[in-house]
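S.K.: quick one: sequence and predicted model below, then my questions.
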Amino acid sequence: MANLLDLDDNYFVDQLGEKPLTHARCSYYPECPRPELVFGLKPHTDGTVVTVLMVDDTIGGLQVLRDGVWWDVPVVPHTLVVIIGDQIQIMSNGIFKSPVHRVVTNAKKERISVALDYSVDPMREIEPSAHLVNEKRPALYRKVKVKDYIAVHYNHFSHGEMFIDSLKI
Ligand SMILES: O=C(O)CCC(=O)C(=O)O
Ligand SMILES: [Fe+2]
């Protein structure tokens, strides 16, 4: 990804700092008799650098928003889904987008997923890379401490808001 932006190969890895955060989340979505009324997980972006997702390959449910339309993420057996998170969106000055996604429920089948969240060391600050900021493309986001970002991102998420928008300059 760094290569695509003409950054040093290790640019994003170096940003992780000495104590990057990694944690695993297992989500269980029971069958839901009224899927049209209940989300498994409401629309959000991930506050991570990246999220690596292992989903049950016998059932879909993950959807991504593009140009106002919800698309099913295809289920491919033995394949991990990698979701770009807000931290990459900030560091890439908005070039890589952290997609809005959600999980819908299913009336007949339960679903399980395992998400691995990777985040920059919470004590570090992140901001758009200086190499990606110029007169034509000024910095889109303010500098933010990762610890503060993570805390507030989830707070905003529970209110259905996108915290990254509040960092826009
Ligand atoms: O369960 C899934 O497929 C997605 C979960 C997700 O988006 C999340 O945990 O942030
Ligand atoms: Fe997510």
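M.R.: Now that the structure is in, tell me what you want to look at. Ligands and ions are numbered 1, 2, ... in the order given.

S.K.: which element, helix or strand, includes His156?
M.R.: helix 146-158 (DSSP states H and E).

S.K.: quick one: pLDDT of the closest residue to Tyr11 other than its chain neighbours?
M.R.: Leaving aside its chain neighbours, Tyr11 sits nearest to Ala2 (4.0 Å; criterion: C-beta to C-beta, 6 or more residues apart in numbering). Where C-beta positions appear, they are placed from N, C-alpha and C, glycine not excepted. Confidence at Ala2, expressed as pLDDT, is 92.

S.K.: isn't Met1 up against Asn10?
M.R.: No: look at Met1 against Asn10 with C-beta atoms under 8 Å: they stay out of range, at 11.2 Å.

S.K.: okay, the two: which has more neighbours?
M.R.: Neighbours were counted for Met1 and for Asn10 using other C-beta atoms under 10 Å; Met1 has more, 15 against 10.

S.K.: which residues does the residue nearest to His101 when sequence neighbours are not counted contact?
M.R.: In space, and not counting its chain neighbours, His101 is closest to Val64: 4.7 Å by C-beta to C-beta, 6+ apart. Listed by C-beta atoms under 8 Å, 6 or more residues apart in numbering, the contact set of Val64 reads 70-71, 73, 99-101.

S.K.: secondary structure element for the closest residue to ligand 1 within the chain?
M.R.: In the chain, the residue that lies nearest ligand 1 is Ser113 (3.3 Å; C-beta to the nearest ligand atom). With elements taken from DSSP H and E, the one containing Ser113 is strand 111-119.

S.K.: that strand - contacts with which helices or strands?
M.R.: strand 21-29, strand 50-55 (3 or more C-beta pairs under 8 Å, 6 or more residues apart in numbering; DSSP states H and E).
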